[in-house]
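**Q** Have a look at this fold, sequence not included:
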Ligand SMILES: Nc1ncnc2c1ncn2[C@@H]1O[C@H](COP(=O)(O)OP(=O)(O)OP(=O)(O)O)[C@@H](O)[C@H]1O
């Protein structure tokens, strides 16, 4: 580090009253040594040992004041933690000089005074923990901080309203036990009463104190006029909308009638029995019945699940649209006295009937207990239908991001799911390599739980492989099999972070990679896993496996290699479970 920075750091430490700490061996923090090469206590530097990146001084009985002006001279400082000391005084507004700071931990001290507004000028800050201090005054508007992931300000004496944040983006938030007042903002979403408790002047739906309903009895003539104006405007918008919807419907209907011209059973589209599913049914039936003599084109596989199912039965049964993805729609269908099924309808797949049939035969032959079998399929020029058994226990996506947020989905189960799915995928890749049939659309909504909660891959090999797909994983050097490995890496990240995936997982993998670079890896893991006390060491290993799937450019590992790594990790986990008993 620069001599001037070293000097600033020494001043910073002096103001913290390190007292007897200075005599501990390897303490450092003096002008005659370098924080990186001499490894000062609590200091972490970059890989090349050139600049300080983290300063973590927790539980050291430090009692002075926090000199941001000095410490922020470290221009690359990412992490500053002084949790659990006895530091006093105000928080200087120079905190905002630490421009690159991502983590600020000041919990468990005796800071007083108000939080400087300048804190909202830290463009990269992700975690702020100022809980358990004696801070007062109003909290500033945090909505500018678009990188913020958590704010913990509980157990202080803040007053005034609950400030604005990008609540939807936060995974941790608390202002409990302060003296805040007024309503809690509408968009706090998944933060429950615990995040706000202990503020007697706060009101809200989930709090003991309800907000008063605003009464507006004295509406005068002007108000009436304004409302009338709005009402007229509203009506116009509604009429416009109705026209638009009507037009669209008409267009759709045109297509349907066109498609259903050849329908043998012309009554299908009009058979509205008055049940609530009738609309969905007609949509499914009319577009699917397009080809005459359909029975013969439907291949029903000899599975007890669909014993004797005929195409007509499928069309006659009530169908409910449950998904409309990039490649087609998904319907839940309950045939008379049969088990519930799902029908995937894929449109515009440029594949000949023969090729499709051959492909499906291959897929059907390749059976694995963790791959959901196709129970019937049908192909016509315009569309392909694939039938599976409906899985009532839902998908991995739902388990991780549904109402329970993965709370009850522990580390052991996640690791074992990863191992089963990797194993299944490795098997399928091995068997279908020469036919060049990868999964093609691997994601957490395509991992379903069977009745025994064993995970299974659904929709294997269904996706049209389009060479012009702008998908970054589909460049020339990337075979479709490699794309599966990449997608599997993204699923591992989802399991580890508990965060949903958008844009092909590139956002999530960038985020994880950046945090791992910061050497603050624990930050990426799902809180539920940390709370559970999952082995950090093994989570890090799985994270490295995930990053290898995602980041290897030229020669990514094969799924078989990945599968082997995960099973040995799982064995290690199992061994530790049996040996850790006292
Ligand atoms: N066999 C099944 N049983 C129960 N639910 C299913 C079954 N197959 C899919 N689902 C669920 O139905 C929903 C819609 O599935 P669909 O395949 O249309 O969506 P998607 O996977 O997001 O899109 P796409 O596969 O077209 O990219 C998903 O939540 C999926 O988990």
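**A** Alright, I've got the coordinates. Quick caveat: nothing in here was measured; it's all calculated off a predicted structure.

**Q** helix, strand or coil for residue 408?
**A** For residue 408, the assignment made with DSSP: H, G, I helix; E, B strand; the rest coil gives coil.

**Q** er, residue 240 I mean
**A** helix.

**Q** can you check residue 508 too?
**A** Recorded secondary structure, residue 508: helix (three-state DSSP).

**Q** Tell me if I'm right that it and residue 495 touch.
**A** No: between residue 508 and residue 495 there is no contact under C-beta atoms under 8 Å: 11.5 Å. Placement of C-beta: from N, CA and C, glycine included.

**Q** Comparing those two, which shows the higher neighbour count?
**A** residue 495 (25 against 21; other C-beta atoms under 10 Å).

**Q** So which elements touch the helix or strand harbouring that one?
**A** Element membership for residue 495, per DSSP states H and E: helix 480-497. Counting contacts by 3 or more C-beta pairs under 8 Å, 6 or more residues apart in numbering; DSSP states H and E, helix 480-497 is packed against helix 396-401, helix 411-432, helix 506-517, helix 536-551, helix 559-579.

**Q** With mean pLDDT and distance to the ligand as added columns, please give the ones you listed in a markdown table.
**A** Listed next are the helices and strands packed on helix 480-497 as a markdown table, based on pLDDT from 0 to 100; distance: least, C-beta to the nearest ligand atom, whole Å:
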| stretch | mean pLDDT | distance to the ligand |
| --- | --- | --- |
| helix 396-401 | 91 | 6 |
| helix 411-432 | 95 | 14 |
| helix 506-517 | 77 | 17 |
| helix 536-551 | 90 | 20 |
| helix 559-579 | 89 | 20 |
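
**Q** Now distance to residue 75 too, for the ones you listed, in TSV please.
**A** Shown next, in TSV, are the helices and strands packed on helix 480-497 (distance: least, C-beta to C-beta, whole Å):
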stretch	distance to residue 75
helix 396-401	38
helix 411-432	38
helix 506-517	17
helix 536-551	28
helix 559-579	39
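
**Q** Quick one: closest of those to residue 45.
**A** Closest to residue 45 of those is helix 506-517 (C-beta to C-beta; 13.3 Å).

**Q** What residues of the helix or strand following that closest one count as buried?
**A** Remark: after helix 506-517, the chain's next helix or strand is helix 527-532, criterion DSSP H and E. Residues of helix 527-532 classed as buried: 528-529 (neighbour count, 16 or more other C-beta atoms under 10 Å).

**Q** what is the rounded mean pLDDT of helix 527-532?
**A** Here helix 527-532 scores 83 as its mean pLDDT.

**Q** so what secondary structure elements neighbour it?
**A** Here helix 527-532 touches helix 411-432, going by 3+ C-beta pairs under 8 Å, 6+ apart.

**Q** The same query, at a cut-off of 10 Å, please.
**A** Contacting helix 527-532 under the criterion 3 or more C-beta pairs under 10 Å, 6 or more residues apart in numbering; DSSP states H and E are the following elements: helix 411-432, helix 480-497, helix 536-551.

**Q** can you tell me if the second one touches the ligand.
**A** Which is helix 480-497. No: taking C-beta under 6 Å from any ligand atom as the criterion, helix 480-497 and the ligand are apart, separated by no less than 11.5 Å.

**Q** returning to that earlier point: please enumerate the shared neighbours of residue 508 and residue 495.
**A** In terms of C-beta atoms under 10 Å, 6 or more residues apart in numbering, residue 508 and residue 495 are both contacted by the residues residue 546.

**Q** what about residue 80, distance to the ligand?
**A** As defined by C-beta to the nearest ligand atom, to the nearest Å, residue 80 lies at a distance of 41 Å from the ligand.

**Q** Sorry, slip of the keys, the one I care about is residue 155.
**A** Distance, residue 155 to the ligand, by C-beta to the nearest ligand atom: 41 Å.

**Q** quick one: average confidence on the helix holding residue 495?
**A** Mean predicted lDDT for helix 480-497 stands at 92.

**Q** circling back: need the winner for burial among the helices and strands packed on helix 527-532.
**A** Mean neighbour count (mean count of other C-beta atoms under 10 Å) peaks for helix 480-497 among the helices and strands packed on helix 527-532, with a mean of 24.

**Q** Distance to residue 236 added to the helices and strands packed on helix 527-532, as TSV?
**A** As requested, the helices and strands packed on helix 527-532 are exported to TSV (distance: least, C-beta to C-beta, whole Å):
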stretch	distance to residue 236
helix 411-432	52
helix 480-497	45
helix 536-551	50
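
**Q** Which of the three states applies to residue 320?
**A** Strictly by three-state DSSP, residue 320 counts as strand.

**Q** shouldn't it be in contact with residue 341?
**A** No: taking C-beta atoms under 10 Å as the definition, residue 320 is not a contact partner of residue 341, at 11.4 Å.

**Q** ok, these two, which is more surrounded?
**A** Using other C-beta under 10 Å, the more surrounded residue of residue 320 and residue 341 is residue 341, with 22 against 17.

**Q** Hmm, that one is touching residue 331, no?
**A** Yes: with contact defined as C-beta under 10 Å, residue 341 and residue 331 form a contacting pair (8.8 Å).

**Q** what do those two both touch?
**A** 314, 317, 319, 387.

**Q** all helices for the stretch 51-200 of the chain, in order.
**A** Per DSSP state H, counting those that start in this stretch, the stretch 51-200 of the chain carries helices over the ranges 68-71.

**Q** What's opposite residue 89 in the beta bridge?
**A** Here residue 89 sits in beta bridges with residue 111, going by DSSP bridges.

**Q** gap between stretch 312-321 and the chain center?
**A** Distance of stretch 312-321 from the chain centroid (C-alpha atoms, centre = their mean, to the nearest Å) equals 34 Å.

**Q** Apologies, that question was intended for stretch 515-535.
**A** From the chain centre to the centre of stretch 515-535 is a distance of 15 Å (C-alpha atoms, centre = their mean).

**Q** Stretch 80-88 too?
**A** Using C-alpha atoms, centre = their mean, the offset of stretch 80-88 from its chain centre is 32 Å.

**Q** any idea how far the nearest residue to residue 412 once chain neighbours are set aside is from residue 491?
**A** In this structure, residue 412 finds its nearest non-sequential neighbour in residue 573, 6.6 Å apart by C-beta to C-beta, 6 or more residues apart in numbering. Separation of residue 573 from residue 491 (C-beta to C-beta, to the nearest Å): 18 Å.
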